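>>> Got a sequence here, can you build the structure:
(one chain, ligands or ions: 1)
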Amino acid sequence: MSRRSFSSKFVRIVEVGPRDGLQNEPIAIHVHDRIALIERLADAGLGVIEAGSFVSPKRVPQMAGTSDVLRGLKRRQDTRYPVLVPNMKGLLTLLDGPSLASLDEPPLTDEIAIFAAASESFSKANINCSISESLDRLAPVAELALNRGLRVRGYVSTVISCSYEGPIAPKSVRDVAKALVDMGCYEVSLGDTTGFGTPRTMTNMLDVVMAQVSVDKLANHDTYGMGIANVLTAIEAGIRTVDSSVAGLGGCPFSPGATGNVATEDVVHALHGIGYSTDVDLPALVAVGEWISAHLGRANESRAGRAWASKARSLADSSTRATS
Ligand SMILES: CC(C)(COP(=O)([O-])OP(=O)([O-])OC[C@H]1O[C@@H](n2cnc3c(N)ncnc32)[C@H](O)[C@@H]1OP(=O)([O-])[O-])[C@@H](O)C(=O)NCCC(=O)NCCSC(=O)C[C@@](C)(O)CC(=O)[O-]
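Residues are numbered from 1 along each chain as shown. You can find the predicted model right below:
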């Protein structure tokens, strides 16, 4: 039986911190540190880690050097490292990567994520084209990627609301999600980019989308605020893949006010607490969240991460006192 069936108690986490997280940091972090973050996350049990993106470095300088990140990674056999690709130029850059060393080398990664939006204004702000232009642009990208043996994942942004347009009609989300599945995406991640979603608006949207797109092809990608409540709503609706970001890093630079992501530590803590498994070692993940937050000089936005770290420090202090 598939691990993702409705009754499954396994939830697959897609860790987006090294991409969605770092793309929103005020300064770009070094390729070595991006690699260290990805490798630490893999060691903590995350089986799918978005490693970067092949977008315009003028628009998102933080993601420049993604080829170097992919080349430098010590890969684990049990981990996948998808990258975001916006257009044919991005895909060709990815596919050309290995030819620098040898034509016989496999592509730098075996999975890409293509992305579109349910809001016209956000589409224009994010990728400089309308929704229908973006779908026309993505179809040959998906086709070539599939022909080259890559897995293709899709994203729909602004599934609940848009910073520019306000509420988004669920049928717009449904149409874009269906178009991405028809292009060959094995899964489409529904992104509440602004974080305005609540369990009620999430349920309304899912009802409409799930009437056309089967639940085993959907994932939940939530920005902030009501993140955990919305994740649990999606799990109740049968979704078994959740996108989240270590320490709550990130958001989208082209969605004003989208200041963070639901934290992976919070998602794992909540899911384990209600009887789901994720393969993630929570204390190890908490340590990664503390490390990257300190490294970036920012607060750790994960409530569970802060609480677990603080408890571990108190226990260590009391055992030091007891032995001294
Ligand atoms: C989509 C484009 C590329 C279109 O950008 P454009 O300006 O429409 O493209 P263009 O074809 O007119 O080219 C303009 C320049 O960009 C270059 N260019 C063109 N394509 C590429 C490429 N792939 N890689 C590198 N360079 C590229 C191209 O070569 C040219 O360079 P110039 O001649 O001016 O020197 C641009 O608007 C862009 O990069 N936007 C940034 C999109 C982005 O990364 N957004 C954040 C990620 S999405 C997100 O976070 C949401 C998500 C997925 O997490 C889900 C959710 O939470 O909602």
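>>> hey, C-alpha coordinates of the top helix by length along the chain in CSV?
Counting by DSSP state H, the longest helix found in the chain is helix 303-323. Presented in CSV, the C-alpha positions along helix 303-323 are these (Å, rounded to 0.1, in the frame of the first residue of the first chain):
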residue,chain,number,x,y,z
ARG,A,303,7.9,27.9,18.8
ALA,A,304,8.6,24.1,19.2
GLY,A,305,12.2,24.6,18.2
ARG,A,306,12.7,27.3,20.8
ALA,A,307,11.0,25.2,23.5
TRP,A,308,12.9,22.0,22.8
ALA,A,309,16.2,23.9,22.7
SER,A,310,15.5,25.7,25.9
LYS,A,311,14.5,22.4,27.6
ALA,A,312,17.7,20.7,26.4
ARG,A,313,19.8,23.6,27.7
SER,A,314,18.0,23.5,31.1
LEU,A,315,18.5,19.7,31.4
ALA,A,316,22.2,20.1,30.4
ASP,A,317,22.7,22.9,33.0
SER,A,318,21.1,20.8,35.8
SER,A,319,23.1,17.8,35.0
THR,A,320,26.3,19.9,35.0
ARG,A,321,25.3,21.3,38.4
ALA,A,322,24.6,17.8,39.7
THR,A,323,28.0,16.5,38.7
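>>> Tell me which residues of that helix come out buried.
Under the neighbour-count criterion of 16 or more other Cβ atoms under 10 Å, helix 303-323 has 304, 305, 306, 308, 309 buried. Every residue, glycine included, has its C-beta placed from N, CA and C.
>>> pretty sure the last one is touching residue 293, no?
Which is residue 309. No: look at residue 309 against residue 293 with Cβ atoms under 8 Å: they stay out of range, at 9.5 Å.
>>> For these two, list the residues in contact with both.
By Cβ atoms under 8 Å, 6 or more residues apart in numbering, residue 309 and residue 293 have these common neighbours: residue 300.
>>> residues in contact with stretch 16-28?
29, 34, 37-38, 41, 49-53, 60-64, 69, 83-84, 221, 243-247, 249-253, 261, 264, 292, 296, 298.
>>> what secondary structure does residue 280 sit in?
Assigned by DSSP: H, G, I helix; E, B strand; the rest coil, the conformation of residue 280 is coil.
>>> how much space between the residue nearest to it when sequence neighbours are not counted and residue 219?
The shortest distance from residue 280 to any non-neighbouring residue, by Cβ to Cβ, 6 or more residues apart in numbering, is to residue 45 (4.3 Å). According to Cβ to Cβ, to the nearest Å, residue 45 and residue 219 sit 18 Å apart.
>>> Strands of the stretch 1-150 of the chain, residue ranges please.
12-15, 48-49, 52-53, 83-84, 111-117 (DSSP state E, counting those that start in this stretch).
>>> List the strands paired with the longest one, with their directions.
This means strand 111-117. strand 83-84 (parallel), strand 151-157 (parallel) (DSSP bridges).
>>> nearest to the ligand, of those strands?
Proximity to the ligand (Cβ to the nearest ligand atom) singles out strand 151-157 among the strands paired with strand 111-117, at 3.1 Å.
>>> hmm, back to that, any of the contacts of stretch 16-28 buried? List them.
By 16+ other Cβ under 10 Å, those give 29, 34, 37-38, 41, 49-53, 60, 62-64, 69, 83-84, 221, 243-247, 249-252, 261, 264, 292, 296 as buried.
>>> same for the lowest-mean-pLDDT helix or strand in the chain, what does it pack against?
Least confident helix or strand, the chain: strand 218-222 with a mean of 79, by mean pLDDT, DSSP states H and E. Using 3 or more Cβ pairs under 8 Å, 6 or more residues apart in numbering; DSSP states H and E as the contact test, the elements touching strand 218-222 are strand 187-192, helix 199-210, helix 227-236, strand 241-244.
>>> angle of that strand against strand 151-157?
Interaxial angle of strand 218-222 relative to strand 151-157 (axes from the mean of the first three to the mean of the last three Cα atoms, to 10 degrees): 50 degrees.
>>> Only the buried residues of strand 218-222, if you could.
Buried, per 16+ other Cβ under 10 Å, within strand 218-222: 218, 219, 220, 221, 222.
>>> starting at the chain centroid, how far to it?
9 Å (Cα atoms, centre = their mean, to the nearest Å).
>>> Each with direction, which strands does it pair with?
strand 187-192 (parallel), strand 241-244 (parallel).
>>> follow-up on the earlier one: filter the buried residues of strand 218-222 down to the ones near the ligand?
Residues of those in contact with the ligand (Cβ under 6 Å from any ligand atom): residue 221.
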